[in-house]
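Colleague: A structural model of the following input is requested.
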Amino acid sequence: MVDQLSVGDEPLPRPRQKTLALLVGRVTTIKLAYWASLTVAELVLPRILDRHFSERFPVSIALAAVITIAALTSAALQARAIDRRAGGIERGIATVATTFVAASVVASPASLPLLLIERARSLESCEMSVTCHFEAIWFWVALFAVGFVLIPAVFAVALPRGEKVA
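Modeller: Predicted coordinates:
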């Protein structure tokens with residue numbers, strides 16, 4: 001069986017459910033917080049700045065940059081944090097794959113409310129419901145790429161390398 005294969009003379013440790021739950025939970029929480037923060041910022045910004053889209057858009061970009069830096073920093077810190085009960089997470093092919101797959105499946109749908117907001121922004125001050133502000137859609141695409149690829153990548157790269165298990 002595959003579970004009993006070893007590399008060299010040493011048997012590979014079996015994955016522990018607590019460790020996998022810790023991995024998925026941390027990345028998912030970071031991504032959900034990222035999407036929620038961006039969504040709230042985009043909902044609140046027009047109420048705070050009573051200006052046209054083109055005058056608000058640079059502020060949206062600046063807020064998104066701050067939120068992105070916070071999420072990336074959190075991803076790097078959480079990848080190295082040691083849990084008292086589950087231990088630490090070591091970098092390996094399985095953990096990196098799990099970081100991308102499981103967290104993306106769970107957290108990426110959280111980007112949909114932001115897509116709806118940006119679609120509405122793309123129609124602001126437009127005649128006949130034709131998109132006037134394509135930058136709002138590209139903004140969402142860029143933020144989606146950060147949430148879908150960059151946050152898990154930073155998390156995966158920040159994971160400590162595993163030592164050989166005796």
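
Colleague: What is the subsequent helix or strand relative to the helix ranked longest in the chain?
Modeller: Determined from DSSP state H, the single longest helix within the chain is helix 17-48. Past helix 17-48, heading to the C-terminal end, the next element that is a helix or strand (DSSP states H and E) is helix 53-80.

Colleague: residues of the following helix or strand past that next one that come out buried?
Modeller: Per DSSP H and E, the first helix or strand lying C-terminal to helix 53-80 is helix 93-107. Along helix 93-107, the positions that meet the burial threshold by neighbour count (16 or more other Cβ atoms under 10 Å) are 95-96, 98-100, 102-104, 106-107. Using the backbone N, CA and C atoms, a C-beta is placed for each residue, glycine as well.

Colleague: wait, which of the residues you listed is closest to Lys31?
Modeller: Of all these, the one with the least separation from Lys31 (Cβ to Cβ) is Ala107, at 3.6 Å.

Colleague: Excluding chain neighbours, give the residue nearest to that closest one in space.
Modeller: Distances taken as Cβ to Cβ, 6 or more residues apart in numbering put Lys31 closest to Ala107, at 3.6 Å, once the chain neighbours are dropped.

Colleague: Likewise for His52?
Modeller: What sits nearest to His52 in space, not counting adjacent residues and going by Cβ to Cβ, 6+ apart, is Ser125, at 6.4 Å.

Colleague: Correct me if wrong: that neighbour contacts Arg56.
Modeller: No: counting by Cβ atoms under 8 Å, Arg56 is not a contact partner of Ser125; they are 11.6 Å apart.

Colleague: Settle it for me: which of those two has more neighbours?
Modeller: Arg56 (18 against 9; other Cβ atoms under 10 Å).

Colleague: Quick check: the nearest residue to that one once chain neighbours are set aside vs Ile151, distance?
Modeller: Excluding the flanking residues, the one nearest Arg56 by Cβ to Cβ, 6+ apart is Leu49, at 5.2 Å. When distance is defined by Cβ to Cβ, to the nearest Å, Leu49 is 27 Å away from Ile151.

Colleague: between these two, who's got more neighbours?
Modeller: Shown here are Leu49 and Ile151; by other Cβ under 10 Å, Ile151 has more neighbours (25 against 12).

Colleague: ok, that one touching Thr73?
Modeller: No: the pair Ile151 and Thr73 fails to qualify as a contact (Cβ under 8 Å) at a distance of 10.6 Å.
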